[in-house]
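Q: Give me coordinates for this.
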Amino acid sequence: MKLYFSTLKPLITLVLLSTLFSCGNNPLDVDVSNVKVDLKVKRFDKDLFNYPQGITAESFSELNNKYGLFFQDFTQSVISIGSPKNPKLFYQLNDFSKDFYINEIKEDADKIYSDFSAYENGLTNAFKHYKYYFPKKKIPEVITYISGFHYAITTDESYLGIGLDMFLGKDYPAYKQLGLPQYKTAFMSNEGLVAGAILCWISTEFELKEKNPNLLTEMIHQGKMLYLLDALMPKASNTLKISYTNEQLKWCKNNEEPVWFHFIDNDLLYTKESSEIIKYMGESPFIQGFPDGSPGRVGHWLGWQIVKAYMKKNPSITIEKLMLTNNAQQILNASKYKP
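A: Residues are numbered from 1 along each chain as shown. All right, here's what the predicted structure looks like:
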């Protein structure tokens with residue numbers, strides 16, 4: 001299913017994964033040295049701006065042939081200029097590629113991502129783990145692009161698109177000019193690129209199928225996503241994976257018991273009220289009514305704690321089986337979760 005992520009919302013829906021095991025004893029830190037993954041990376045951000053004379057009908061056709069479905073999605077949905085089937089669309093694409101401000105953004109991205117090899121290595125390692133756990137799954141083609149601050153990540157069945165202009169650093173001036181709050185931009189940096197891209201990919205691969213789910217179902221679903229991310233990136237820092245500061249992680253851990261009993265005492269687990277679900281699952285700088293220091297998305301963090309407890313209590317459950325288990329109540333019961 002095609003998805004577009006305008007900022008890093010799916011990225012910053014990540015929450016606390018405490019260190020479960022001492023160094024060297026993490027069962028998720030598996031050996032993937034013999035797993036073969038041929039990850040292909042295409043630099044659309046370079047190709048689009050590589051026509052000194054501008055985009056012509058001929059160069060437009062070249063890009064269309066090289067990038068196929070992504071090119072269609074880029075023109076129709078990312079920069080919204082229309083379908084490549086329009087024979088005169090190259091005029092609009094040329095305007096985009098020659099725009100002064102777009103070229104400023106492109107130059108700033110080049111300063112960080114001219115050499116993409118380090119990020120390619122990180123993505124390759126994550127997809128090796130993905131292939132280890134899901135050998136029948138296909139590995140997407142990775143395509144980098146400049147969107148003009150429209151989309152951080154785009155996906156379809158065959159590709160994972162990464163908008164480099166959404167990973168230019170928390171203090172990048174344009175982010176402030178756009179009015180993006182600090183809690184959103186804190187991890188919009190090159191350090192967060194790989195984790196953000198992988199999280200968005202698995203979010204499209206394992207979607208929540210239930211219509212009108214209750215809060216517990218939402219929590220467990222996000223907990224599964226986070227646990228899977230930890231399996232795919234076992235050596236990555238928790239702060240990068242979850243887009244929380246160290247202080248926010250500490251708050252969650254120190255307040256784990258009262259947070260859990262807040263949900264229990266207020267009969268929140270089975271609510272389907274959208275306002276309640278958004279309060280605990282949605283993006284926000286804090287949770288209204290919670291003590292100072294609370295981060296947003298605490299429901300994601302709590303779901304992760306439950307899934308971790310479930311996997312620890314049931315070591316025979318594989319990652320694949322976990323992702324196929326859609327009964328949130330079953331996971332909660334079998335987790336014996338007790339903070």
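Q: got the residue ranges for the strands in the chain?
A: Here the chain has its strands, by DSSP state E, at 3-5, 41-43, 141-145, 153-155, 159-163.
Q: what's the offset of the second one from the middle of its chain?
A: So the one you mean is strand 41-43. A distance of 19 Å separates the centroid of the chain from that of strand 41-43, by Cα atoms, centre = their mean, to the nearest Å.
Q: do the third one as well
A: From the chain centre to the centre of strand 141-145 is a distance of 15 Å (Cα atoms, centre = their mean).
Q: Also the last one?
A: The gap between where strand 159-163 is centred and where its chain is centred comes out at 11 Å by Cα atoms, centre = their mean.
Q: Please apply the same query to the fourth one.
A: When C-alpha coordinates are averaged (Cα atoms, centre = their mean), strand 153-155 and its chain have centres 9 Å apart.
Q: Sheet partners, orientation included, of it?
A: Listed by DSSP bridges, the sheet partners of strand 153-155 and their directions read strand 3-5 (antiparallel), strand 159-163 (antiparallel).
Q: For residue 283, which of the strands of the chain is the nearest?
A: Ranking those by their distance to residue 283 (criterion: Cβ to Cβ) puts strand 3-5 first, at 12.1 Å. All C-beta atoms are positioned from the backbone trio N, CA, C, and that covers glycine.
Q: Residue ranges in the chain under the pLDDT threshold?
A: 1-24 (pLDDT under 70).
Q: at 80 instead, please
A: Applying pLDDT under 80 to the chain flags residues 1-25, 238, 241-242.
Q: Tell me the spacing between the closest residue to residue 140 other than its chain neighbours and residue 284.
A: Spatial nearest neighbour of residue 140, chain neighbours left out: residue 160 (4.3 Å); criterion: Cβ to Cβ, 6 or more residues apart in numbering. Residue 160 sits 27 Å away from residue 284, taking Cβ to Cβ, to the nearest Å as the criterion.
Q: If you count surrounding residues, which of the two has more?
A: In this view residue 160 and residue 284 are compared by other Cβ atoms under 10 Å, and residue 160 has more residues nearby, 24 against 17.
Q: before we move on, the earlier item: can you name the residues that contact the residue nearest to residue 140?
A: Under the criterion of Cβ atoms under 8 Å, 6 or more residues apart in numbering, the neighbours of residue 160 are 140, 141, 142, 143, 153, 197, 200, 201.
Q: got it, and residue 220?
A: Listed by Cβ under 8 Å, 6+ apart, the contact set of residue 220 reads 303, 306, 307, 328, 331, 332.
Q: Can you get me a residue count around the last one?
A: Same thing as residue 332. Using other Cβ under 10 Å as the criterion, the residues surrounding residue 332 number 19.
Q: Residue 57 versus residue 87, what's the distance?
A: For residue 87, the distance to residue 57 equals 7 Å [Cβ to Cβ].
Q: quick one, which of those two is more surrounded?
A: Higher neighbour count among residue 87 and residue 57: residue 57, with 12 against 9, using other Cβ under 10 Å.
Q: Would you agree that one is in contact with residue 93?
A: No. Between residue 57 and residue 93 no contact is recorded; they are 10.5 Å apart, counting by Cβ atoms under 8 Å.
Q: just to revisit the earlier point, the residue nearest to residue 140 and residue 185, how far apart?
A: The spacing between residue 160 and residue 185, counted by Cβ to Cβ, is 22 Å.
Q: Sweet, I'm off.
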